[in-house]
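Visitor: Structure of the sequence below:
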Amino acid sequence: MKSTPAAASFLTRLRDSLDSLHPTEKRLAEFLLDFPGELASYSASELAKLSGVSNATVTRLVRRLGYTTFDAARRHVREEKNSGSPLFLAGRLAGSPGTPLGEHLEQGVENLRWTFARLAEADVQAIAQRMLSARKVWLTGFRSSQSMASYLRVQLFQIKEEVQMFPAPGGTFGEYIASMGPSDMVVVFGLRRRPARLRAILAQLVQTGASVLYITDEKVARNTHVSWHLQCACASTHPFDNHGAVVALCHALVNSAIDLSGHGGRERLAAIEARHDAPVRQHHFQAQHQIARVAVAQHLH
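Guide: This next block holds a predicted model:
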């Protein structure tokens, strides 16, 4: 077996050990590679029965992986499960053809209830007002969080011109943070899985004096340094998080902003809609003109 650092993940240890395992140990390892989260849910005896091996095989494998006991390995898996890895959230029955869509619906509704029960109307109004009054609204996020930031930016841009995602491709956070100040607002999406450097980035953003809105899943401890920290329930019956409540929160914020923007915000929205229609009318006119030219040319011939 190759040397494996003590801090290596459970899955890394499994993969590195495969070539050197006894056949029965390998059978257990392959089972765990498919469903690593099972180790956190079952006792050694239950796991042995599920995978078709003996209790002794379970004990030998966890020791080969560098754990002193089965419980030590299980604690490690639980820690990684809490970190939000889809692999560790998957179960043997997740995603099976018989899983009813009703489960997705019920979980989504429960996520919405949990999220909105913890939202204060005063905070929503204050955030929306700050979005409107800020010199510029900056938005950022990693992985799935970037998609949520992009979604909010598209919505907010219909009300306010100075809205920007950062960093741009090829750019660095330092270049953008240096441009921020107390008159700005920054929206940071921190849905799992979050990179370790996000904490340092948040600290730098707070230091600029800008108003910082931090939007996370429900697993994140309350951040007392930002201006607002809103938590969204993202629980799912399957491996990947359900972000429906995050989208609903964005919807609530931008609609509060359009309500507070008064005539100015609606005037911009109307101007955008007019531009959407203009190319259609122009294209229709050009098409009709082209048809007329073809008809004249055919008549002349």
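Visitor: what's Leu156 in contact with, if anything?
Guide: Counting by Cβ atoms under 8 Å, 6 or more residues apart in numbering, Leu156 touches Met131, Val137, Val163, Val254, Ala257. C-beta coordinates here come from the backbone N, C-alpha and C atoms, glycine included.
Visitor: again but with Arg74, I slipped
Guide: With Cβ under 8 Å, 6+ apart, Arg74 has these contacts: Leu39, Ala40.
Visitor: repeat for Leu61
Guide: Counted by Cβ under 8 Å, 6+ apart, Leu61 has contacts Leu21, Glu25, Leu28, Ala29.
Visitor: For the helix or strand hosting it, what is the distance to the chain centroid?
Guide: Assigned by DSSP states H and E, Leu61 belongs to helix 55-64. Distance of helix 55-64 from the chain centroid (Cα atoms, centre = their mean, to the nearest Å) equals 36 Å.
Visitor: how about the helices in this structure?
Guide: Using DSSP state H, the helices of the chain run over residues 10-17, 23-34, 38-41, 44-51, 55-64, 70-82, 86-89, 101-117, 121-133, 144-156, 173-177, 198-207, 244-300.
Visitor: now the fourth one and helix 23-34, what's the angle there?
Guide: Orientation note: helix 44-51 sits at an angle of 90 degrees relative to helix 23-34 (axes from the mean of the first three to the mean of the last three Cα atoms, to 10 degrees).
Visitor: Please apply the same query to the first one.
Guide: Relative orientation of helix 10-17 versus helix 23-34 (the same axes, to 10 degrees): 140 degrees.
Visitor: So which elements touch helix 10-17?
Guide: helix 23-34, helix 70-82 (3 or more Cβ pairs under 8 Å, 6 or more residues apart in numbering; DSSP states H and E).
Visitor: again, 10 Å this time
Guide: Helix 10-17 sits against helix 23-34, helix 38-41, helix 55-64, helix 70-82, helix 86-89, with contacts defined as 3 or more Cβ pairs under 10 Å, 6 or more residues apart in numbering; DSSP states H and E.
Visitor: Can you find the helix or strand in this structure with the smallest mean pLDDT?
Guide: Between all helices and strands in the chain, the lowest mean by mean pLDDT, DSSP states H and E belongs to helix 86-89, at a mean of 53.
Visitor: what stretches of the chain score poorly on pLDDT?
Guide: 1-7, 34-38, 81-99, 278-301 (pLDDT under 70).
Visitor: send the alpha carbons of stretch 265-282 over as CSV?
Guide: C-alpha atoms of stretch 265-282 as CSV (Å, rounded to 0.1, in the frame of the first residue of the first chain):
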residue,chain,number,x,y,z
GLY,A,265,-36.7,51.3,-11.1
ARG,A,266,-39.9,50.7,-13.0
GLU,A,267,-38.8,53.2,-15.7
ARG,A,268,-35.6,51.2,-16.2
LEU,A,269,-37.5,48.0,-16.4
ALA,A,270,-39.9,49.5,-18.9
ALA,A,271,-36.9,50.7,-21.0
ILE,A,272,-35.4,47.3,-21.0
GLU,A,273,-38.6,45.7,-22.1
ALA,A,274,-38.9,48.2,-24.9
ARG,A,275,-35.5,47.3,-26.1
HIS,A,276,-36.4,43.6,-26.0
ASP,A,277,-39.3,44.4,-28.4
ALA,A,278,-37.4,46.8,-30.7
PRO,A,279,-35.2,44.1,-32.5
VAL,A,280,-38.3,42.0,-33.1
ARG,A,281,-40.2,44.9,-34.8
GLN,A,282,-37.1,45.9,-36.8
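Visitor: Same list, the helices of the chain, but as TSV with distance to Thr224 please.
Guide: Shown next, in TSV, are these (distance: least, Cβ to Cβ, whole Å):
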stretch	distance to Thr224
helix 10-17	33
helix 23-34	39
helix 38-41	31
helix 44-51	41
helix 55-64	39
helix 70-82	22
helix 86-89	28
helix 101-117	20
helix 121-133	14
helix 144-156	21
helix 173-177	20
helix 198-207	10
helix 244-300	20
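Visitor: Which one of the ones you listed lies nearest to Met185?
Guide: If you check each of those against Met185 by Cβ to Cβ, helix 121-133 wins as the nearest, at 5.3 Å.
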